[in-house]
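Sequence plus predicted model, see below.
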Amino acid sequence: MNSRNRDTSENLITSTFMLILIERDDGEKKQTLEN
């Protein structure tokens, strides 16, 4: 049970991190399009 909880939180952190990276990527693409 304990290790499963740790896995879940690690997955959550990883997916959140990926989302942030994707959003940053999109923001940079929009900036270059505007320029």
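Perfect, I can see it now.

CA only for contacts and neighbour counts going forward, please
Fine.

and Ile20, what element?
Assigned by DSSP states H and E, Ile20 belongs to helix 2-34.

what is the mean pLDDT for that helix?
Confidence over helix 2-34 (mean pLDDT, whole number) is 87.

So what's the gap between it and the chain middle?
Here the centre of helix 2-34 is set off from its chain's centre by 0 Å, with Cα atoms, centre = their mean, to the nearest Å.

burial count for Asn5?
Asn5 has 10 neighbours, counted by other Cα atoms under 10 Å.

I should have written Thr14 there, sorry.
Thr14 has 12 nearby residues by other Cα under 10 Å.

Quick check: it vs Asp25, distance?
Distance of Thr14 to Asp25, given as Cα to Cα, to the nearest Å: 16 Å.

likewise Ser15?
To Asp25, Ser15 is 15 Å away according to Cα to Cα.

and if you look at Leu12?
Relative to Asp25, Leu12 is positioned 20 Å away (Cα to Cα).

same thing with Met18?
Taken as Cα to Cα, the span from Met18 to Asp25 is 10 Å.

just Glu34 next, same as before
Glu34 is 14 Å from Asp25, by Cα to Cα.

neighbour count winner among these two?
Asp25 (12 against 7).

Look up how far Leu33 lies from that one.
Look at Asp25 and Leu33: by Cα to Cα, they are 12 Å apart.

One more: Gly27?
Taken as Cα to Cα, the span from Gly27 to Leu33 is 10 Å.

likewise Ser15?
Taking Cα to Cα, one finds Ser15 at 27 Å from Leu33.

neighbour count winner among these two?
Ser15 (12 against 8).

Identify the residues contacting the more buried one.
Residues near Ser15 by Cα atoms under 8 Å, 6 or more residues apart in numbering: none.
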